[in-house]
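Colleague: give me a 3D structure for the following:
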Amino acid sequence: MIKKRIIIYFSVVLLVVLAMVFHFYVVYPFAYKNEIERESQAYGLDKTLVASMICAESRFNKNAQSNRGACGLMQIMPSTAEWIAGELNMTDYDLFDANTNIKFGCYYLKYLFEKYHNEDYVICCYNAGESVVQSWAPVNEFSVNSIKYDETKNYLKKIKQLKKHYFSRF
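Modeller: From the prediction side, this is the model:
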C-alpha cells in the first residue's frame, strides 16, 4: 500500500514538473539564439532584451506581419528598414530573413540607446515611435507615468517581465 502511494506521488510530481516545463517553453518560446547573441554583441546590446523584444513582437515567428505593415521577428516597419539598409550600405535585404531582421532590429535599438541612454525610453520608442514618445516627455523628464498609450505601458511591462525569463535561457 505504501509503495503504491509513493509511486502515485512521484508520478504526479513528475507530471506536474513536465507540465511546468512544457508550459514554460510554450509561453516563452526561444529560437535564433546564435543570431541574437551575435547581433547583440555586435551592437553592444543586452541579449535578453533582444530576445524579449522578439518574443513580444512576433513570438519568434520570422514570417510575422502586423496589420500596420511591420515585418519579421522584430516587427520592423519597411520605412525604418529602408533607412537602416542605407545606414548599413545594403541595397538588397529581406525583412523575413531572421539574420537580416535581427541585425536591423539590433541596429535600430543601438541607434535609440545612443540617442536616449534610457532603456525604458528606448523600449517605448521602439513600440510607439520616437516622435510619439518625445511628445509625451523629453528623456530627462520621462517616467512610466509619462506614457500616454496603454499599449505602450503594457509593452514596457511585458518586456521587463520577459527579460527575467530569457535571462535563464542564455
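
Colleague: which strand or helix spans the residue positioned nearest the centre of the chain?
Modeller: Centroid-nearest residue in the chain: M53, 0.8 Å away (criterion: C-alpha atoms, centre = their mean). Per DSSP states H and E, M53 falls inside helix 47-58.

Colleague: and that helix, how far out from the chain's middle?
Modeller: 2 Å (C-alpha atoms, centre = their mean, to the nearest Å).

Colleague: same check on stretch 88-101?
Modeller: On C-alpha atoms, centre = their mean, the centre of stretch 88-101 falls 18 Å from that of its chain.

Colleague: pull out the buried positions in it.
Modeller: Neighbour counts over stretch 88-101 (16 or more other C-beta atoms under 10 Å) mark 93, 95, 98-101 as buried. No exception for glycine: its C-beta is placed from N, CA and C like everyone else's.

Colleague: stretch 142-155 now?
Modeller: 142, 146-147, 152-153, 155.

Colleague: what residues does it touch?
Modeller: Residues from elsewhere that reach stretch 142-155, judged by C-beta atoms under 8 Å, 6 or more residues apart in numbering: 56, 118, 120-121, 123-124, 127-128, 132-133, 136-137, 156.

Colleague: quick revisit: surely the residue nearest to the centre of the chain and V122 touch.
Modeller: No. Using C-beta atoms under 8 Å, M53 is not in contact with V122, being 10.1 Å away.

Colleague: hey, what's in contact with both of these two?
Modeller: With C-beta under 8 Å, 6+ apart, M53 and V122 have common neighbours L109.

Colleague: what would the contacts of stretch 142-155 look like in TSV with secondary structure and neighbour count?
Modeller: Formatted as TSV, those follow (DSSP: H, G, I helix; E, B strand; the rest coil; neighbours: other C-beta atoms under 10 Å):
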residue	secondary structure	neighbour count
A56	helix	20
N118	coil	15
D120	helix	18
Y121	helix	26
I123	helix	24
C124	helix	28
N127	helix	23
A128	helix	19
V132	helix	15
V133	helix	27
W136	helix	18
A137	coil	16
L156	helix	21
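
Colleague: right, I'll leave it there.
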